[in-house]
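K.L.:
I would like to see how this sequence folds:
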Amino acid sequence: MNSFNLENHPKINSGFKTPEHYFENFSESVLAKVSLEEKPVVSLFQRRKNWFLAAAAVLVLGIMIPFLNKPSDSQNIDDATIETYLAQSNISQYELVNMLDNEDIDALERDLAMDESTLNSAMEYNGNLENYLIE
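P.N.:
So this is what the prediction gives:
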């Protein structure tokens with residue numbers, strides 16, 4: 001291998017050249033390119049504020065769910081559902097009558113009121129009157 005000494009051999013050009021008087025105006029050209037406008041300062045609390053608002057919204061929603069999802073009252077249940085429940089349960093007629101209060105009985109009498117002519121015609125065509133009297 002040949003010995004190589006950097007001081008004795010000619011220098012190699014890098015191939016890069018700087019324009020003339022480049023470094024004389026360098027600082028002015030950089031400062032001209034950089035905008036001196038002040039950017040708005042965003043505080044760290046602003047980012048936290050969004051998280052606080054999101055947490056508060058989730059908390060309010062979590063508190064409101066039980067109030068919005070409360071079970072319906074028995075008065076809101078339709079008649080077909082009650083009839084189906086009573087038909088499938090093992091409640092006798094006597095137990096049902098014992099559960100009624102005076103207001104319920106009055107409402108039934110008003111809803112099921114029948115005139116005498118309808119009652120007489122029903123009794124004529126039905127030969128099993130003893131069942132109505134026993135029950």
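K.L.:
And the helices in this protein?
P.N.:
For the chain, the helices defined by DSSP state H occupy 26-33, 44-68, 79-88, 93-99, 102-111, 116-125, 129-134.
K.L.:
Show me how far stretch 26-39 is from its chain's centre.
P.N.:
51 Å (CA atoms, centre = their mean, to the nearest Å).
K.L.:
Compare the mean pLDDT across the helices of the chain and name the weakest.
P.N.:
With a mean of 67, helix 129-134 has the lowest mean pLDDT of the helices of the chain.
K.L.:
how about the helices of the chain, which one is nearest N13?
P.N.:
helix 26-33 (22.7 Å; CB to CB). Every C-beta, even on glycine, is put in place using the N, C-alpha and C of the backbone.
K.L.:
list the helices and strands the closest one packs on?
P.N.:
Contacts defined by 3 or more CB pairs under 8 Å, 6 or more residues apart in numbering; DSSP states H and E place helix 26-33 against no helix or strand at all.
K.L.:
Would you mind listing the buried residues in that helix?
P.N.:
Across helix 26-33, burial judged by 16 or more other CB atoms under 10 Å covers no residue at all.
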